[in-house]
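Engineer: Based on what follows, work out the 3D shape:
(one chain, ligands or ions: 2)
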Amino acid sequence: MKIEHIELRYVRIPLVTPFRTSFGTSHAKDTFLLRVVTPDAEGWAECAADLHPLYSAEFLPAAELVLRDHLVPRVMALGPSLGAERVRGALAPVTGHPMAKHVLETAILDAELRQHGLSFGRYLGAVRDRVPAGVSVGIMDSVPALLEAVGGYLDEGYRRIKLKIEPGWDVAPVRAVRERFGDDVMLQVDANAAYALTDARHLARLDPFGLLLIEQPLPEDDIRGHAELARQIVTPVCLDESITSARDAATAIALRACSVINIKPARVGGYLEARRIHDVAEANGIPVWCGGMLECGVGRAPNVALAALPNFVLPGDTSASSRYFAQDLTEPFVLEDGHLPVPTGPGTGVDVLPDVLDELTVSTASLPLEST
Ligand code: SMG
Ligand code: MG
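Structural biologist: Residues are numbered from 1 along each chain as shown. Ligands and ions are numbered 1, 2, ... in the order given. Next comes the predicted model:
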């Protein structure tokens, strides 16, 4: 495959409501789309990094820089043997930067699949044509506001509720949601690393509420701490930030640091590594689910395809477009009976809407293509 042109489109998409987590509040989705042009097809992908290095060490300006100076030159140096399955190996000498690697590999994979008329779902091994949708609910100013939001999502048909938590906003909101909506609601919490192992006794107070899991309670590098916490609480421990590769997943599983894994393709450097994590987890009897980074349709589409693989047995943060955006950059993903349809068209199966893209574009940059 020959790459003729690589373009970055920075976009800013307003959120329908602010989204607050233990590390900050987002009012808009700021990202860039990577467009890879080949003689036969165009590939598109969405960068999951934020403007600020808070969820992880990556952030948008750094992603652009590492793509321009280190990742694109290495991929171009592959010459005629360039293809999505060669990308990870070519980029391996560059330490870290999984989200920058993910956006490049995904755009190349999209172009390749479009060229061959194959969908992400078919390519990755999807076994379902629709996936159950969960929703991630931000930290709110009050319990009544939270109950109103959760009630609205349940009315829309969401199959699972995830509450963002932090010290001071954990047991009370969980108890209130259980009391109002009952024990049958699939409910889980996500701390984004806001606790310490010394909080174990406090976190055990969540045990009576029958949560599906607690996601990333401790810092991302604290695998041993998660293993110790898992021994001290009943709620299953799920890892998000800590897992950046199939090797990480194997280590965490072997050390019993988690009994569930959140797979985000961006966090692990792409869909091929995401599938490897799926396979490692499946071989060990560990269920997985697909995480989200508030993606617009460009990034949501391949996530929905991934979520259709066999070991994605829990509903993911694969919500409808309307969860975040009044106007998506693609045709919106719409809930049908609490599910999203797995796209079937070539590549991601979705196309950017040119007028909307123009309206929401903040700036555009081309990346030089000469190899070093
Ligand atoms: O895409 O619905 C989504 C977001 C789901 O909570 C979500 N993501 O830690 O899992 C997580 C967070 C990371 C992004 S918060 C800005
Ligand atoms: Mg998380």
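Engineer: Not counting residues beside it along the chain, what's closest to the spatially most central residue of the chain?
Structural biologist: With distances taken as Cα atoms, centre = their mean, the residue of the chain nearest its centroid is Gly292 (3.0 Å). Excluding its sequence neighbours, the residue lying closest to Gly292 (Cβ to Cβ, 6 or more residues apart in numbering) is Asp317, at 3.6 Å. Quick note: C-beta positions are derived from backbone N, CA and C, even for glycine.
Engineer: Can you read off the pLDDT for whichever residue of the chain sits closest to ligand 1?
Structural biologist: Nearest residue of the chain to ligand 1, counting by Cβ to the nearest ligand atom: Gly292, 2.3 Å away. At Gly292, the model reports a pLDDT of 98.
Engineer: returning to what we had before: enumerate every residue touching the residue nearest to the centre of the chain.
Structural biologist: Each residue near Gly292 by Cβ atoms under 8 Å, 6 or more residues apart in numbering is listed here: 136, 264, 300, 303, 316-319.
Engineer: how about these in CSV, adding distance to ligand 1?
Structural biologist: Shown next, in CSV, are the contacts of Gly292 (distance: Cβ to the nearest ligand atom, whole Å):
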residue, distance to ligand 1
Ser136, 3
Lys264, 7
Arg300, 8
Asn303, 8
Gly316, 9
Asp317, 4
Thr318, 8
Ser319, 5
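Engineer: can you tell me which two in those are farthest apart?
Structural biologist: Across the contacts of Gly292, no pair lies farther apart than Lys264 and Ser319, at 14.1 Å, counting by Cβ to Cβ.
Engineer: Have a look at the two and say which one is more surrounded.
Structural biologist: Using other Cβ atoms under 10 Å as the criterion, Lys264 and Ser319 rank with Lys264 on top: 26 against 23.
Engineer: Could you see whether ligand 2 lies near stretch 261-278?
Structural biologist: No. Counting by Cβ under 5 Å from the ion, ligand 2 has no neighbours in stretch 261-278; the shortest distance is 5.8 Å.
Engineer: Endpoints of that stretch, how far apart?
Structural biologist: Stretch 261-278 has its terminal residues 9 Å apart, counting by Cα to Cα, to the nearest Å.
Engineer: and the residue of the chain closest to ligand 1, helix, strand or coil?
Structural biologist: coil (DSSP: H, G, I helix; E, B strand; the rest coil).
Engineer: any idea how far ligand 2 is from it?
Structural biologist: When distance is defined by Cβ to the ion, to the nearest Å, Gly292 is 9 Å away from ligand 2.
Engineer: wait, isn't the residue nearest to Gly292 in contact with Val131?
Structural biologist: No. The pair Asp317 / Val131 is not scored as a contact, 11.3 Å apart, by Cβ atoms under 8 Å.
Engineer: shared neighbours of those two, which are they?
Structural biologist: Common neighbours of Asp317 and Val131 (Cβ under 8 Å, 6+ apart) are Cys290.
Engineer: Distance from the chain centre to the helix or strand where Tyr153 lies, please.
Structural biologist: For Tyr153, the host element (DSSP states H and E) is helix 143-156. Relative to the chain's own centre, helix 143-156 is displaced by 23 Å; criterion: Cα atoms, centre = their mean, to the nearest Å.
Engineer: Tell me which residues touch Ser319, please.
Structural biologist: Ser319 neighbours (Cβ under 8 Å, 6+ apart): 133-136, 158, 292, 333.
Engineer: buried ones in stretch 330-348?
Structural biologist: Buried residues in stretch 330-348, counted by 16 or more other Cβ atoms under 10 Å: 330, 332-333, 335, 338-340, 342-343, 345-348.
Engineer: That stretch spans what distance, first to last residue?
Structural biologist: When the termini of stretch 330-348 are compared using Cα to Cα, they are 11 Å apart.
Engineer: re the thing from before, reformat the contacts of Ser319 into a markdown table and put secondary structure next to each item.
Structural biologist: Output for the contacts of Ser319, formatted as a markdown table (three-state DSSP):
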| residue | secondary structure |
| --- | --- |
| Ala133 | strand |
| Gly134 | strand |
| Val135 | strand |
| Ser136 | strand |
| Tyr158 | coil |
| Gly292 | coil |
| Phe333 | coil |
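Engineer: In the chain, where is pLDDT below threshold?
Structural biologist: Applying pLDDT under 70 to the chain flags the ranges 371-372.
Engineer: Enumerate the residues of it near ligand 1.
Structural biologist: 21, 26, 55, 136, 190, 192, 240, 291-295, 317, 319 (Cβ under 6 Å from any ligand atom).
Engineer: Out of the residues you listed, which comes closest to Val234?
Structural biologist: Looking across those and measuring by Cβ to Cβ, the closest to Val234 is Asp190, at 17.6 Å.
Engineer: Please name the bridge partners of that closest one.
Structural biologist: Lys164, Glu215 (DSSP bridges).
Engineer: Test my guess that it contacts Lys162.
Structural biologist: Yes. Using Cβ under 8 Å, Asp190 is in contact with Lys162, at 5.6 Å.
Engineer: Mind listing the shared neighbours of the two?
Structural biologist: By Cβ under 8 Å, 6+ apart, the residues touching both Asp190 and Lys162 are 136, 215.
Engineer: can you map out the helices along this structure?
Structural biologist: Remark: helices assigned in the chain by DSSP state H are 60-66, 72-76, 84-91, 98-116, 120-124, 143-156, 171-181, 200-203, 223-232, 246-254, 271-283, 297-306, 354-360.
Engineer: tell me the angle of the third one relative to helix 98-116?
Structural biologist: If I follow you right, that is helix 84-91. Angular relation of helix 84-91 and helix 98-116 on a 0 to 180 degree scale: 150 degrees, by axes from the mean of the first three to the mean of the last three Cα atoms, to 10 degrees.
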